[in-house]
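[1] Need coordinates for the following:
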Amino acid sequence: MNTPTSELPASPAQPVALWHIADVQRETGLGKDTLRVWERRYGFPCPVRDENGERLYPAEQLQQLKLIKRLLDADHRPGKVVGQSVQALQQLLEAPAPKAKGTKLGKGPGQERSLLDEQWIAWLAANETVLIKQALQRSIVRHGLAQVIDTTIAPLCQMVGEAWMQGQISIYQEHLFTEILQSVLREAITAIDSAGGGSTQSPRVLLTTTPGEQHGLGLLMAECQFALESCERFLLGTSTPVSEMIEAVERLEIDVLALSFSAHATRNDVADSLRQLQAHLPSGVEIWIGGAGALAFSRAVPQEVRILKTAGDIALQVKSWRQGPATHAPALTG
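    The predicted structure follows:
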């Protein structure tokens, strides 16, 4: 547990803890840019300033932000929860939520359910991280990486988020799961690249997220699919400024810019960044997007941008790209 960066006394007997923005980001998982945008857009959080003009956040606001993060992970929209009181946020967390589609682990063609849904969460709650990693590795060997991503890993991510929101697991356990998953997928990508002898084909793909989008698991799952198609890949990580994306596309001679939008993205986040990219990217560069945010705001997406419903759709889109523009599948519009 991190201790507050500084304390300013409200009275000689009652100090009030204040947290720097870097501490708040570390404690909540909310990016600094997100906190600043919310401050301007919603009037919350409301930091005070130290003698150097740096933002300092009271402990109560830190608690609110932690609750808001949990609600965002449960697919609540920022405009509905940012600025709500601790009591109101707690009530939202305690309210029964409708079961989201795709929460259960699915079956692929001819594939049995490899594990009971409850077993994954039980292992995580018991800190049995080795069992989780081994089970994922066995599933990939048995069923193939592409199928496991769509039928096991993607719904499992949602299950873990719900378990955290319901108090079945702790924040550190959710972070453990993320690290396990990243490790397993990275190993799978390395194995794919080694099996191919390092040879790659077009399209040359740049993978990243727009400013403020800190969630990278969607990118990693997409990278797995591009690796399976032997695409040449360039990764910038998360939250890349649009100007930097444009420069990277030009200098690396990119064919496809692949972006992931999580459920935390707003309609403006999606539409504005895509319009800006379209206006400045070199002619012929395609934009492919995926993730819950891309699907939620598909009607705000420019027609030329291709929306991929699942990671598995990448293989079809790559095949279409290689066959030429005339055979491209149409973008999702609704």
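[2] pull the CA atoms of stretch 234-248 into PDB?
    Extracted in PDB, the C-alpha atoms of stretch 234-248 (Å, rounded to 0.1, in the frame of the first residue of the first chain):
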ATOM      1  CA  PHE A 234       5.100  -2.400 -35.000                       C
ATOM      2  CA  LEU A 235       3.900  -1.700 -31.400                       C
ATOM      3  CA  LEU A 236       3.800   1.700 -29.800                       C
ATOM      4  CA  GLY A 237       2.000   0.600 -26.600                       C
ATOM      5  CA  THR A 238      -1.000   2.600 -25.200                       C
ATOM      6  CA  SER A 239      -2.000   6.200 -25.200                       C
ATOM      7  CA  THR A 240       0.000   7.500 -28.200                       C
ATOM      8  CA  PRO A 241      -0.500  11.100 -29.300                       C
ATOM      9  CA  VAL A 242      -2.200  11.300 -32.700                       C
ATOM     10  CA  SER A 243       0.700  13.400 -34.100                       C
ATOM     11  CA  GLU A 244       3.100  10.600 -33.100                       C
ATOM     12  CA  MET A 245       1.000   8.000 -34.700                       C
ATOM     13  CA  ILE A 246       0.900   9.900 -38.000                       C
ATOM     14  CA  GLU A 247       4.700  10.400 -37.900                       C
ATOM     15  CA  ALA A 248       5.200   6.700 -37.200                       C
END
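[3] Of all the residues in whatever helix or strand Ala248 lives in, which ones are buried?
    Per DSSP states H and E: Ala248 is located in helix 242-251. Within helix 242-251, the residues scored as buried using 16 or more other Cβ atoms under 10 Å are Val242, Met245, Ile246, Ala248, Val249. Glycine gets a C-beta too; all of them are placed from N, C-alpha and C.
[4] do stretch 153-161 as well
    Ile153, Ala154, Pro155, Leu156, Cys157, Gln158, Met159, Val160, Gly161.
[5] For the residues you listed, give me CSV that also has pLDDT and distance to Arg322.
    Formatted as CSV, the buried residues of stretch 153-161 follow (pLDDT from 0 to 100; distance: Cβ to Cβ, whole Å):
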residue, pLDDT, distance to Arg322
Ile153, 90, 26
Ala154, 85, 25
Pro155, 85, 30
Leu156, 88, 31
Cys157, 86, 29
Gln158, 80, 32
Met159, 85, 35
Val160, 86, 35
Gly161, 77, 35
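[6] Could you single out the nearest of those residues to Leu281?
    Ala154 (28.3 Å; Cβ to Cβ).
[7] measure the residue positioned nearest the centre of the chain to Gln90 for me?
    Of all residues in the chain, the one closest to the mean position by Cα atoms, centre = their mean is His215, 2.7 Å from it. Distance from His215 to Gln90, counting by Cβ to Cβ, to the nearest Å: 24 Å.
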